[in-house]
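Peer 1: any chance you could fold what I've pasted below:
(2 chains)
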Amino acid sequence: NAGVTQTPKFQVLKTGQSMTLQCAQDMNHNSMYWYRQDPGMGLRLIYYSASEGTTDKGEVPNGYNVSRLNKREFSLRLESAAPSQTSVYFCASSETQAREKLFFGSGTQLSVL
Amino acid sequence: AQSVAQPEDQVNVAEGNPLTVKCTYSVSGNPYLFWYVQYPNRGLQFLLKYITGDNLVKGSYGFEAEFNKSQTSFHLKKPSALVSDSALYFCAVTKGGGSARQLTFGSGTQLTVLP
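Peer 2: Model prediction:
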């Protein structure tokens, strides 16, 4: 039972480069999320997808785009990476948007030089 | 705006002793409250939640949390700490009836249980 799978686990980019973080869940969840985790700041929501075919901005969406490819997959794209995007990124899913608990992937540590 | 405060960045406790990780919140109306734990190089894992009902909530791995409305607190507790409890703990809140996308996370408390 894999749960939420994120790739890659580590990535180093140069300023201006682009990349896509991949996320897939095998729990048949409707809702998926992308968070970033910075030291001393907890988790901040970048984008979410309440259900297949929908995406919406979270607290810190600037510099990011997302695609809900199907019910299982939700990708996060950095079009032109900046040092301020150095962070640990977590994908999460929940059965619905209601007061459900979140299931998290193991994270992607991204460094932008 | 809703917010969560975890006043201690670091908590150290000896193995076998009781542990408390503190959390206070601010939200309009009744809160939904959560605790998550993050082990090294892992994603967050759900521990427990308070939605309504009994103020003492029991969760995974022997943890419990007490909801105190008058003090707007939701402290995480365990009667006897284990070395394996060492991890980063996050409190989160959303307003009653709110959705998962509206969760606000605290900044985290690093718990170290000393053998």
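
Peer 1: and the residue nearest in space to the middle of chain A, what is it in contact with?
Peer 2: Chain A has A:W34 as the residue nearest its centroid, 2.8 Å off, counting by Cα atoms, centre = their mean. By Cβ atoms under 8 Å, 6 or more residues apart in numbering or on different chains, the residues touching A:W34 are A:21, A:23, A:45-48, A:58, A:64, A:66, A:74, A:76, A:89-92. To be clear about C-beta, it is placed using only N, CA and C from the backbone, and glycine gets the same treatment.

Peer 1: from the residues you listed, which is closest to chain B?
Peer 2: Of all the contacts of A:W34, A:Y48 has the smallest distance to chain B: 4.6 Å, by Cβ to the nearest Cβ.

Peer 1: strand partners (parallel or antiparallel) of the helix or strand harbouring that closest one?
Peer 2: Using DSSP states H and E, A:Y48 maps to strand A:43-49. Sheet pairing of strand A:43-49 (DSSP bridges) gives strand A:31-37 (antiparallel), strand A:56-57 (antiparallel).

Peer 1: quick check: which helices or strands does the helix or strand harbouring A:Q6 pack against?
Peer 2: Assigned by DSSP H and E, A:Q6 belongs to strand A:4-7. Contact here means 3 or more Cβ pairs under 8 Å, 6 or more residues apart in numbering or on different chains; DSSP states H and E; on that basis strand A:4-7 packs against strand A:19-25, strand A:87-94.

Peer 1: deepest of those strands, which one?
Peer 2: strand A:87-94 (a mean of 24; mean count of other Cβ atoms under 10 Å in any protein chain shown).

Peer 1: need the next SSE after that strand, C-terminal direction.
Peer 2: Next along the chain after strand A:87-94, taking DSSP H and E as the criterion, comes strand A:103-104.

Peer 1: next to chain A, which bits of chain B? Give me the list.
Peer 2: B:4, B:9, B:32, B:34, B:36, B:41-46, B:49, B:51, B:90, B:94, B:98-101, B:103-108 (Cβ under 8 Å from any Cβ of the partner chain).

Peer 1: can you rerun that using 7 Å?
Peer 2: Within chain B, the positions adjacent to chain A are B:32, B:41-44, B:46, B:49, B:51, B:90, B:99-101, B:105-108 by Cβ under 7 Å from any Cβ of the partner chain.

Peer 1: any of those residues buried? List them.
Peer 2: Those of those that meet the buried threshold are B:32, B:43-44, B:46, B:49, B:90, B:99-101, B:105-108, by 16 or more other Cβ atoms under 10 Å in any protein chain shown.

Peer 1: which ones among the residues you listed lie within strands?
Peer 2: Counting by DSSP state E, the part of those found in strands is B:32, B:44, B:46, B:49, B:90, B:105.

Peer 1: I figured the first one hits B:G98, correct?
Peer 2: Spelled out, that is B:Y32. Yes - taking Cβ atoms under 7 Å as the definition, B:Y32 is a contact partner of B:G98 at 6.3 Å.

Peer 1: coming back round to it: which of the ones in strands among the buried ones among the residues of chain B next to chain A sit farthest apart?
Peer 2: Comparing all pairs in these by Cβ to Cβ, the longest separation belongs to B:Y32 and B:L44, at 16.3 Å.

Peer 1: picking that back up, mind exporting the strand holding A:Y48 as CSV, just the C-alpha atoms?
Peer 2: In CSV, the C-alpha atoms belonging to strand A:43-49 read as follows (Å, rounded to 0.1, in the frame of the first residue of the first chain):
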residue,chain,number,x,y,z
LEU,A,43,3.4,24.1,6.1
ARG,A,44,1.9,26.6,3.6
LEU,A,45,-0.5,25.6,0.9
ILE,A,46,0.6,26.3,-2.6
TYR,A,47,-2.3,24.9,-4.7
TYR,A,48,-5.0,22.3,-4.2
SER,A,49,-7.4,20.3,-6.3
